[in-house]
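Asks: next one to model:
(2 chains)
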Amino acid sequence: ETGVTQSPTHLIKTRGQQVTLRCSSQSGHNTVSWYQQALGQGPQFIFQYYREEENGRGNFPPRFSGLQFPNYSSELNVNALELDDSALYLCATALLGGTEAFFGQGTRLTVV
Amino acid sequence: EDKVVQSPLSLVVHEGDTVTLNCSYEVTNFRSLLWYKQEKKAPTFLFMLTSSGIEKKSGRLSSILDKKELFSILNITATQTGDSAVYLCAVEPVRGSTLGRLYFGRGTQLTVWP
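Replies: Coordinates of the predicted model:
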């Protein structure tokens, strides 16, 4: 148990819809990163938030956006869903300067 | 572009066997290499390696890093069915002062038969 909670655990959406995924972290973990893991692939970095600001972004289009709140919880929003967005979405939280990132259980998103 | 390559992609062994999983990387400004075990969803942390030649051990698992040749290995001795999982290797480059992005390989799917 990592203390990182993601919701929902599973989600089915239709192409073109919008989705919001949530992540709450361990107490004091002020950095959150989001990853997309397609079937049979390793997780791919989407972006990272630190102190409510985006702090680095991977090769994902602007329709992938995020928020971090004062309590360090976070949201990942995806607009105009495409079939290829179907994947496991993982969040990972860490302390600034820490040595380990803790992953949540992930949200399995299916776009039909 | 930064890259992490794991091999083999899939491995099937019997209980009691010893396995070696490989990870090679190309990354600018290397900070650390991490190994994770992923059974269903959440990757769970195994090791973080930052220095060459220093073996890290945890029970039947051990890992070592070679920063000159840019690779790491993860060894599992006396495998058990509970070791069946995907083993992910990730590399973290230095990017400012925060715990930065991780570049993951595709993982090695290990299956241990009784």
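
Asks: switch to C-alpha atoms for all contacts and neighbour counts from now on
Replies: Noted.

Asks: list the buried residues in stretch B:67-75.
Replies: For stretch B:67-75, a neighbour-count test (16 or more other CA atoms under 10 Å in any protein chain shown) marks B:67, B:71-75 as buried.

Asks: how many residues are close by B:E26?
Replies: Neighbour count for B:E26, taken as other CA atoms under 10 Å in any protein chain shown: 14.

Asks: so what sits opposite it in the bridge?
Replies: For B:E26, the beta-bridge partners are B:K3 (DSSP bridges).

Asks: so it makes contact with B:S72?
Replies: No: contact criterion CA atoms under 8 Å: B:E26 and B:S72 do not qualify, at 11.9 Å.

Asks: quick revisit: export the buried residues of stretch B:67-75 to CSV and tack on secondary structure?
Replies: What follows is these, written out as CSV (DSSP: H, G, I helix; E, B strand; the rest coil):
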residue, secondary structure
B:K67, coil
B:F71, strand
B:S72, strand
B:I73, strand
B:L74, strand
B:N75, strand
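
Asks: which two from those end up farthest apart in space?
Replies: Spatially, the most separated pair among the buried residues of stretch B:67-75 is B:K67 and B:N75, at 17.6 Å (CA to CA).

Asks: looking at this, B:A90 is in a helix?
Replies: No: per three-state DSSP, B:A90 lies outside any helix segment and is strand.

Asks: where does chain B dip in pLDDT?
Replies: With pLDDT under 70 as the threshold, chain B has low-confidence stretches at B:1-2, B:95-100.

Asks: which residues in it form strands?
Replies: Using DSSP state E, the strands found in chain B span residues B:3-7, B:10-14, B:19-26, B:30-38, B:43-49, B:56-58, B:61-66, B:71-76, B:85-93, B:103-104, B:108-113.

Asks: okay, these in CSV with distance to A:R57 next?
Replies: Output for the strands of chain B, formatted as CSV (distance: least, CA to CA, whole Å):
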stretch, distance to A:R57
strand B:3-7, 16
strand B:10-14, 30
strand B:19-26, 19
strand B:30-38, 18
strand B:43-49, 21
strand B:56-58, 31
strand B:61-66, 27
strand B:71-76, 26
strand B:85-93, 14
strand B:103-104, 12
strand B:108-113, 26
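
Asks: of the ones you listed, which approaches A:F103 most closely?
Replies: Of these, the one closest to A:F103 (CA to CA) turns out to be strand B:43-49, at 6.2 Å.

Asks: so in that sheet, which strands flank the closest one, and in what orientation?
Replies: Checking strand B:43-49 against DSSP bridges gives partners strand B:30-38 (antiparallel).

Asks: around chain B, which positions in chain A sit nearby?
Replies: Taking CA under 8 Å from any CA of the partner chain as the measure of proximity, chain A contacts chain B at A:31, A:33, A:40-45, A:47-48, A:56, A:88, A:90, A:94-106.
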